[in-house]
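# What would the 3D arrangement of this be:
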Amino acid sequence: MRDTELDPRNEPDIRLVARQLADFCKVLSNPLRVLVLEELRRGERDVSSLIGHLQVSQSTVSQQIAVLRVHKLVDERRAGRNVFYSLRDPELARWIVEGLKFTGQDSKGEAQTGDGQYPSSENVLDIEEVRQ
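So this is what the prediction gives:
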């Protein structure tokens, strides 16, 4: 067998890959987690900054950050008493933006028409719905 050919014994089991992708999608199924990731896409943030941008409680932000950390989507950096969070893999930011485009939204949550135009300036990701 040539080096360029794939050996089926070395390919990951498609069922395992499918399970991992499904688990990843479950993490992203919470709109608040997506909003946290969207904020981190813009750069490193501490919990206070996330609270201010997302307008949710400290415990809510901390719970979502904990889930994202367990699934290795965010890293933390300690500076004295402050803890700053960032995306572990910047590619995730691109993936989120592409996902928003796929759903007809831009990264600001504004709906796009088929020609890439914005029908209104309404925020599609309603923070009140996310808090519930």
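# Could I get the full set of strands for this protein?
Per DSSP state E, the chain carries strands over the ranges 45-46, 74-79, 82-87.
# in its sheet, what does the first one sit against?
Strands adjacent to strand 45-46 in the sheet, as given by DSSP bridges, are strand 82-87 (antiparallel).
# List the buried residues of the partner strand.
Across strand 82-87, burial judged by 16 or more other Cβ atoms under 10 Å covers 84-85, 87. All C-beta spots, glycine's among them, are computed from the backbone N, C-alpha and C.
# of all these, which comes closest to Val56?
Proximity of the buried residues of strand 82-87 to Val56 (Cβ to Cβ) peaks at Tyr85, which lies at 14.9 Å.
# which residues sit in contact with the closest one?
By Cβ atoms under 8 Å, 6 or more residues apart in numbering, the contact set of Tyr85 is 40, 44-47, 50, 65, 74-77.
# Spit out the contact partners of the nearest residue to it once chain neighbours are set aside.
If the residues on either side of it in the chain are set aside, Tyr85 comes closest to Val74, at 5.0 Å by Cβ to Cβ, 6 or more residues apart in numbering. Taking Cβ under 8 Å, 6+ apart as the criterion, Val74 is in contact with 37, 40, 65, 68, 85-88.
# Tabulate those (a markdown table), appending pLDDT and distance to Asp23.
Output for the contacts of Val74, formatted as a markdown table (pLDDT from 0 to 100; distance: Cβ to Cβ, whole Å):
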| residue | pLDDT | distance to Asp23 |
| --- | --- | --- |
| Leu37 | 92 | 16 |
| Leu40 | 93 | 20 |
| Ile65 | 96 | 18 |
| Leu68 | 95 | 13 |
| Tyr85 | 97 | 21 |
| Ser86 | 96 | 22 |
| Leu87 | 94 | 18 |
| Arg88 | 93 | 16 |
